[in-house]
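*Asks:* The sequence and its predicted three-dimensional model are supplied below.
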Amino acid sequence: MTAVIAIAALALAACGSSDNPTSATGTRTIEIEMRDIKFSPDEVQVKAGETIRFVFNNAGKVAHDAFIGNEAAQDAHEMEMRNAGSGDMTMDSAGGGGAGQGGITVAPGDKGELTYTFREGDQLVIGCHQEGHYEAGMKVMVEMS
């Protein structure tokens, strides 16, 4: 009976919260809420070699982006979005090397996902580049531990 309870407890622990769930492939999931001009949490801790599946939940009233890249990639992506010239600044994806690994746009009430494997020395940020959001501080700082 004790062995059955221990196995059940281990199975339930594997289905734990989004703070530290790990799948069989070693991917950890971090859930991030998008609202107004804010991400929550606004900082995440990662380790070199770790693969993170980010799940973005747009609880706001407008579309939000999530773009993973270093500050130079964030600046370049911001310019791309501005130069798109339309009032509806959306993106399907973007990428290229370690500087910027891609992005998504999430409509109000929807969810979107990005998966990223972090490398030693990465200094990355997740930013929203809808008009005025990044300048207003809509970022997630990625801290390497």
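*Replies:* Looks like it came in fine.
*Asks:* Quick check: end-to-end length of stretch 52-72?
*Replies:* 22 Å (C-alpha to C-alpha, to the nearest Å).
*Asks:* which of the residues in it are buried?
*Replies:* Across stretch 52-72, burial judged by 16 or more other C-beta atoms under 10 Å covers 52-58, 60, 63-70. To be clear about C-beta, it is placed using only N, CA and C from the backbone, and glycine gets the same treatment.
*Asks:* Could you pull up the contacting residues of the residue most central in space within the chain?
*Replies:* The chain has residue 54 as the residue nearest its centroid, 4.2 Å off, counting by C-alpha atoms, centre = their mean. Listed by C-beta atoms under 8 Å, 6 or more residues apart in numbering, the contact set of residue 54 reads 29, 30, 31, 32, 66, 68, 113, 114, 115, 116, 126.
*Asks:* and the closest residue to residue 54 other than its chain neighbours, how many residues sit next to it?
*Replies:* In this structure, residue 54 finds its nearest non-sequential neighbour in residue 114, 4.8 Å apart by C-beta to C-beta, 6 or more residues apart in numbering. When counting by other C-beta atoms under 10 Å, one arrives at 19 neighbours for residue 114.
*Asks:* Filter the buried residues of stretch 52-72 down to the ones in helices?
*Replies:* Using DSSP state H, no member of the buried residues of stretch 52-72 falls in helices.
*Asks:* Which elements pack onto the helix or strand residue 45 falls within?
*Replies:* Assigned by DSSP states H and E, residue 45 belongs to strand 43-46. Contact here means 3 or more C-beta pairs under 8 Å, 6 or more residues apart in numbering; DSSP states H and E; on that basis strand 43-46 packs against strand 139-144.
*Asks:* in its sheet, what does the strand it packs on sit against?
*Replies:* With DSSP bridges as the test, strand 139-144 is paired with strand 43-46 (parallel), strand 125-127 (antiparallel).
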